[in-house]
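In: Fold the following and give me the result.
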Amino acid sequence: MQKYIKLNLHYLGKSKKHQIFRVKNKWDKSLEKITNKPVFTEEFSEVGKIIEIFGPEELPFISMKISPKKEFNPNDNLYAKMR
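Out: As a prediction, this is how the structure comes out:
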């Protein structure tokens, strides 16, 4: 069974290679397993994957690589696929 976790993120902008987000609410440290997991929209369209989680433990930053041929809207609700 596939499990999807909603990512409650605020979009900060683009770095040289990745899109950078900040977690909006208190972070559940057990979610650090989402690194290198695919990221989807509500329509189950894969938009990229999580590269790195960094910064303060309570409200970390998330670096995400967006697939080059995918249209990306930073205001979409995003979900990580847990296996």
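
In: So residue 33 sits against residue 82, correct?
Out: Yes - judged on C-beta atoms under 8 Å, residue 33 makes contact with residue 82 at a distance of 7.1 Å. Every C-beta, even on glycine, is put in place using the N, C-alpha and C of the backbone.

In: For residue 7, which non-adjacent residue is closest in space?
Out: residue 78 (4.7 Å; C-beta to C-beta, 6 or more residues apart in numbering).

In: Wait, a strand at residue 30?
Out: No - using DSSP: H, G, I helix; E, B strand; the rest coil, the assignment for residue 30 is helix, not a strand.

In: okay, now it: neighbour count?
Out: 7 (other C-beta atoms under 10 Å).

In: quick one: contacts for it?
Out: Residue 30 makes no contacts at all, as judged by C-beta atoms under 8 Å, 6 or more residues apart in numbering.

In: what ranges do the strands span in this structure?
Out: Taking DSSP state E, the strands of the chain run over residues 3-7, 9-14, 19-23, 38-40, 46-54, 61-66, 78-82.

In: List the beta-bridge partners for residue 9.
Out: residue 23 (DSSP bridges).

In: Numbering from 835 from now on, please.
Out: Done: numbering now begins at 835, and the last item shifts to residue 843.

In: Pull the number of nearby residues for it.
Out: Applying other C-beta under 10 Å, we find 20 residues neighbouring residue 843.

In: I'd like to know how far residue 843 sits from residue 874.
Out: Distance of residue 843 to residue 874, computed by C-beta to C-beta, to the nearest Å: 13 Å.
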